[in-house]
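Requesting a structural model of the entry that follows:
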Amino acid sequence: MTTALIALGALLALVVVLGLWVAGIYNKLVDLRNRFKNAFAQIDVQLKRRYDLIPNLVEVAKGYMKHESSTLEAVIKARNIALAASQAAAANPADANAMKGLLSAEAGLGGALSRLMVVSEQYPDLKANTNMLQLTEELTSTENKVSFARQAYNDSVMTFNTAREVFPSVIFAGMFGFLPAELFKIDDPTERNAPKVSFT
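The predicted structure is shown next:
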């Protein structure tokens, strides 16, 4: 009977130790997932700031670019698509499809803004407008903040993905629903350049 109790006690201790070990793995993955979600929230703040600046930029440009309504409409349309994609990604940054949708929408918005800036070069009065200068400066500053926030997010995603892929976490990550997170990256090399917004 004593041997049976010792064996039962050892088995119980082993189960407790294994349970605590698995709980530690789970808690670490939760912590890292929350970190990359928080990092995405920082990107989201800057993207919203940019989305708020764009309609103001278009309104100032409208006064000077009356014959360029299709360019202005394309910027607003791209902005609205990017805003909707950003909201979908913010709801669940771990959703790879939502992140890919955001990346695609951001690429479209970047292209539309670039076209607007190229066309606006033909309007010297617009380039000299104080409001336009201020808005483009704020937009440039926001683009820089987005870049820094994206770098922090990608670092957090890499840490999370690495933690879920290493042994022994890889055994439990799938069981607990920890799917790989998507990096905020730009695949097309031509899209890597930030839209030029300088009027100086």
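
Show me which residues of the lowest-mean-pLDDT helix or strand in the chain are buried.
Ranking every helix and strand in the chain by mean pLDDT, DSSP states H and E puts helix 124-128 at the bottom, with a mean of 80. Neighbour counts over helix 124-128 (16 or more other Cβ atoms under 10 Å) mark 126, 127 as buried. For the C-beta atoms, the positions are set from N, CA and C on the backbone; glycine is no exception.

pull the CA atoms of that helix into PDB?
Extracted C-alpha coordinates of helix 124-128, given in PDB (Å, rounded to 0.1, in the frame of the first residue of the first chain):
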ATOM      1  CA  PRO A 124       2.300  76.700 -58.400                       C
ATOM      2  CA  ASP A 125      -0.300  78.600 -56.400                       C
ATOM      3  CA  LEU A 126      -1.300  75.300 -54.700                       C
ATOM      4  CA  LYS A 127       2.300  74.500 -53.800                       C
ATOM      5  CA  ALA A 128       2.600  77.900 -52.200                       C
END
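
Tell me which other helices or strands whichever helix or strand comes after that helix touches.
Proceeding C-terminally, helix 124-128 gives way to helix 130-165 as the next helix or strand, assigned by DSSP states H and E. Here helix 130-165 touches helix 2-62, helix 169-173, going by 3 or more Cβ pairs under 8 Å, 6 or more residues apart in numbering; DSSP states H and E.

Now the first one: average pLDDT?
The reference is to helix 2-62. Predicted confidence along helix 2-62 averages 92 (mean pLDDT).

and after it, which helix or strand comes next?
Using DSSP H and E, the helix or strand that directly follows helix 2-62 along the chain is helix 69-91.

And the next helix or strand past that following helix?
Next along the chain after helix 69-91, taking DSSP H and E as the criterion, comes helix 96-120.
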